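**Student:** A structural model of the following input is requested.
(2 chains)
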Amino acid sequence: MAIDTANTVSRLAKAGPAVTGKGVLVNALSKTYGSNLVLDDVSFEVPEGSVCTLLGSSGSGKTTTLRMLAGLERPDAGEIRIGGALVASRGDAVPAESRGIGLVFQSYALWPHMRIFDQIAYPLRVRRTKKSEIERAVKKIADAVGLSELLGRYPSELSGGQQQRVALARALVFNPRLLLLDEPLSNLDAALRRQTRTELQRIQAEFNVTTVYVTHDQEEAMAVSDQVVVMSKGRVLATGTPRTIFDHPTSVFVASFVGASNTVPGQVVGITGKTVTVRLRDGAELKGTTPHALKNGDGVVVAIKPIDITPRGASADHGNAFVGVVLRTTYMGDQIELGIQVGDREFRVPVERWDEHKVGDKIELLVDPKRVSVLDEKEE
Amino acid sequence: MTMAVAVARVGGIRRRRSRVVTPVIVGLFVAAVAAVVTIPVAIIVVLSFQSVTPLFKGGFTLANFSALLGSSTTWETLGNTLIFTAGGTALAMFLGTVTAWAMTSVNVPLRSILSVLPVCILILPPLVKDPSWIILFGKDNGLVNLFFHHVFGVQGSVVDVFTMTGMVLMAGVFTSPTAYAILLTPLRSVDRSLLEASQMSGAKLGRTLWKVVLPLIRPALLSAATLTAILIASGFETPVIIGLPARINMFIAEIYESISSPVNGLNYASAQASVYLVLTTVLVIIYLRATRNERRFAAVSGRGHQHTVIQAPVLRWVLFAFVSIYAIVGFLAPLAVTVLTAFLPYYSAAGGKNPFHDWTLANFEQVFTTPQVTSAILTSGALAATVALGVLVITVFLSVVALKTRARGRRIAEIVGMAPIATPALVYSVALLMTVLAIPGLARVAYGTIGLMYVAELVVFIPVALRLVSSSVIQVQDELLEASRMSGASYLRTIMTVLIPIIRPALFYAGGVLFIEAYRQLASIVLLVASNVTLVPFVSWTFWVSGGYPMLSALNVVTLVLPLLVAIAAVGVGNIGRRGATRRPADSETAPVITRLERII
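**Tutor:** Alright, predicted model coming up:
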């Protein structure tokens, strides 16, 4: 096949674990609307049975990518393979209805005129499944998601959380080769969101279905995924396990977006092994680690998560300290957040709720060099 | 090997044949509708450059146009049409805007009843409006003049419908319901906070209305004004019934005369129709530009939107009086006159005598026993039902293609559907008639058949139906259809199992409206009527022309009641087992009418 031998074959496919069975391979997807480039060379892969999250703010291209996986949008360039089979390639695509993929819409998209039973049975009826088999399958999935009592109702008679479970049941009932979830928790209130998230994880594991999950909430992404793909302005900025992405950001954007890091610019003044010493603009020096190959004199950005910073005296001293001035104190109930001027930036630092620092106080802050990311200022 | 095949084979997924076949079917269907809509119009344009009726015979000439444009009558009638249309539109907009604002935003007493009455004007058959106004506001023997004469001793006439002022008033009052219906929704969705912000800035009510409310609904005002102007310019009853006897000739009445007694030849009539088409097309272009901006309404109503009703102790009574008089003049009085005269053996107020005596049921007896009339009632019913069904099928198809697909050229479907607005019903029927006469051999098959009338009505009602249907189609979220496709359903199946059931109430409502309209619509069939077929509007027309006013009234009462019952039944069926509190009312001008009519029913 011309397509397989061409150099469009993914470097990912060669380098990473082989994507077989029901795994997904996305290679160099691009899409333009008018003059607006919404997807730019997007590649990632999802091993069979795992959960991959597309994480990004609105306009990052995460939903467009999801819709391309679904078959509701066509890529201008690039290709998508599901279980090794090509389903979309440069302007051509297997239509959504022929892909056998389950999609849970952000709005749930329940049909107002159908009872819950009929909603869930719909994909099976389309597939001309036998009536007795439909009854059995709907009952089974309804039990799994806890809807058994509600099958005779209409969507308008259900709560938001219940509607969400109907949408999930409808997407899973025909044993899809891939499950897509578009911001599934965004329409639920905070308490329900946590509970539903756990529920989703349980069901995903039970059905062992390969899942692609779109969200803008980094906490949600960390909690549900085996793998996170961070997207911004149509591009993939980072791919990795939640822990790698969170602990070892590779760019300033990823560091700020995931974990809401404090950032401050500086210059490399010393390198010993993996440890880099950075001089900040006010003259202070900080040690940190870097994923990049840096040399003395390089311009860098230092990123530190608020949670990793402690005032002197509150924790172990790694000999890695810097000084700031308290600009504000914000009482948040379970803790106090200090706004501290470091160089020309304001750092957010959470402290114990009995902390007594006042505005104008000088404060010495400590941070473990392993928790300081030194990032090339030129990296996005 | 093409990409499509490669994808299919590597994917190992069965490709649906419909991916190739569907676009072809869609294209053919849209092309067929486009042909029926445009070909007759193209033919009259060609004929207007010929001197003989057969198409492409006898060479081309500008003689028709030079005769037409050289005639002082043409310019006089065009001038009259302009005054009539502009005046009528201004009045209709004034009535519609004030009433819609009063009904949505002020605590006017009895609002629930009053707000329905302007919409009821739409229910009056065409041959109720003009004749009843002649009875009411005619010179000398009009009931209003008689009242002033007997009660206040006024000599001479206070009002006279047979004047330009009378015609403008008539056009304004009878087309205002359209403006009213279009403006109800945007006025109802103006958020309370926007008014309160103006009030907090120190503005009085009048200033707030002028500076905040009217600008907010400007797109709706513009689209209502142009649609009203199109309706007035297309209307043929008032120019013929009032204008001709009053010797205030309108251009459309000239076209009617040219066809019904063709002294100047049919090619001259074609030239007249072509000139009129140019004028109405200009109006339609303005209308389409105006409605394109209508989407900006989205900004008017949003989440957490709250509407407020002003508590005005004096103003509420002023507006109550205003809307009441409007409702009496536009609806209650014409209805009363029609119902009362239907029970009279003859109608005469000559010499100022009381015409209401010797009550009788003879007219109704005659309506139901004259074979010609009963067969007209049945034929009109059958014709209206098939027209309604045909138009619904066409418009559901056109709106799905235009709004819910990404087919190339999907805009064409929308344009094809809206194009007939540019062709007044009378002009389209002239075009259809000329088409039949111009193509050799076609006359023998089609001339004077019910099929020709069917085509004429079908085309005339497409734009109305398209607005009703597409406003409900557009509300069906794309995701509901995508969810069906993700479940594996084809496009056709998605339409049948998801889209149609969701918009079913709107479809039955549109069907009801179309049935009523098609049942009594006169303009598109008056010139096409067949020798062996009689239809209700045509029978009414002959009753009017021959002066049998009580008979006309009796038939009008029947025309008012029968199709209304059918339509109510249709809307009722449409709502059986209706579900889904999630569905919000349509954000089109039709929504308030739907909800209100449903509430009455």
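**Student:** can you pull the contacts of B:D130?
**Tutor:** B:M170, B:E237, B:T238, B:I241, B:I242 (C-beta atoms under 8 Å, 6 or more residues apart in numbering or on different chains). Glycine gets a C-beta too; all of them are placed from N, C-alpha and C.
**Student:** What distance do you get for it to B:I241?
**Tutor:** 4 Å (C-beta to C-beta, to the nearest Å).
**Student:** Turn the contacts of B:D130 into CSV, including secondary structure, distance to chain A and neighbour count.
**Tutor:** Shown next, in CSV, are those (DSSP: H, G, I helix; E, B strand; the rest coil; distance: C-beta to the nearest C-beta, whole Å; neighbours: other C-beta atoms under 10 Å in any protein chain shown):
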residue, secondary structure, distance to chain A, neighbour count
B:M170, helix, 44, 27
B:E237, helix, 41, 23
B:T238, helix, 44, 25
B:I241, helix, 46, 24
B:I242, helix, 48, 24
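**Student:** Looking at these, spot the one nearest B:I39.
**Tutor:** B:E237 (27.3 Å; C-beta to C-beta).
**Student:** Put the alpha carbons of stretch A:237-246 into CSV.
**Tutor:** The C-alpha trace of stretch A:237-246 is given here as CSV (Å, rounded to 0.1, in the frame of the first residue of the first chain):
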residue,chain,number,x,y,z
LEU,A,237,3.4,21.1,23.7
ALA,A,238,4.0,18.1,25.8
THR,A,239,3.1,14.4,26.0
GLY,A,240,3.7,12.1,29.0
THR,A,241,2.3,10.6,32.2
PRO,A,242,0.6,13.0,34.5
ARG,A,243,3.6,12.8,36.9
THR,A,244,6.1,13.7,34.2
ILE,A,245,4.1,16.5,32.9
PHE,A,246,3.5,17.9,36.4
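**Student:** in the stretch 1-150 of chain A, which spans are strands?
**Tutor:** A:24-33, A:36-46, A:51-55, A:77-82, A:85-89, A:92-93, A:101-104 (DSSP state E, counting those that start in this stretch).
**Student:** List the buried residues in the second one.
**Tutor:** It stands for strand A:36-46. Going by neighbour count (16 or more other C-beta atoms under 10 Å in any protein chain shown), the buried part of strand A:36-46 is A:L37, A:V38, A:L39, A:D40, A:V42, A:S43, A:F44, A:E45, A:V46.
**Student:** Neighbouring strands of that strand in the sheet, and parallel or not?
**Tutor:** Note on strand A:36-46: by DSSP bridges, its sheet partners are strand A:24-33 (antiparallel).
**Student:** per-residue confidence averaged over the partner strand?
**Tutor:** The pLDDT scores in strand A:24-33 average 92.
**Student:** how about residue 270, what does it touch?
**Tutor:** In the absence of a named chain, chain A is used. A:G270 neighbours (C-beta under 8 Å, 6+ apart): A:V276, A:T277, A:N296.
**Student:** wrong one, chain B
**Tutor:** Counting by C-beta under 8 Å, 6+ apart, B:S270 has contacts B:I44, B:V45, B:L47, B:S48, B:N64, B:V430, B:M434.
**Student:** before we move on, back to that, between which two of the buried residues of strand A:36-46 is the distance greatest?
**Tutor:** A:L37 and A:V46 (23.8 Å).
**Student:** now the helices for the stretch 251-380 of chain A?
**Tutor:** A:252-257 (DSSP state H, counting those that start in this stretch).
**Student:** Show me what A:V268 is bridged to.
**Tutor:** A:V278.
**Student:** Any idea how many residues pack against it?
**Tutor:** 19 (other C-beta atoms under 10 Å in any protein chain shown).
**Student:** Could you do A:V258 as well?
**Tutor:** 23.
**Student:** what do you get for A:K140?
**Tutor:** There are 12 residues near A:K140, going by other C-beta under 10 Å.
**Student:** if we can go back for a sec, near chain A too, which of the contacts of B:S270?
**Tutor:** When C-beta under 8 Å from any C-beta of the partner chain is applied, no member of the contacts of B:S270 is adjacent to chain A.
**Student:** and stretch A:78-95 with chain B, contact?
**Tutor:** Yes. Using C-beta under 8 Å from any C-beta, stretch A:78-95 reaches chain B at A:A85, A:L86, A:V87, A:A88, A:S89, A:R90, A:G91, A:D92, A:A93, A:V94, A:P95.
**Student:** Now which of these would you call buried?
**Tutor:** A:A85, A:L86, A:V87, A:A88, A:S89, A:R90, A:D92, A:A93, A:V94, A:P95.
**Student:** which strand residues sit across from the residue nearest to A:A70 when sequence neighbours are not counted in the sheet?
**Tutor:** When the adjacent residues along the chain are set aside, A:A70 lies closest to A:L103, with 5.0 Å between them (C-beta to C-beta, 6 or more residues apart in numbering or on different chains). As for beta bridges, A:L103 partners with A:L180 under DSSP bridges.
**Student:** and residue 120, how many residues sit next to it?
**Tutor:** All of this refers to chain A. Residues near A:I120, counting by other C-beta under 10 Å: 29.
**Student:** that's the wrong chain, I wanted chain B
**Tutor:** 16.
**Student:** Appreciated, that's everything.
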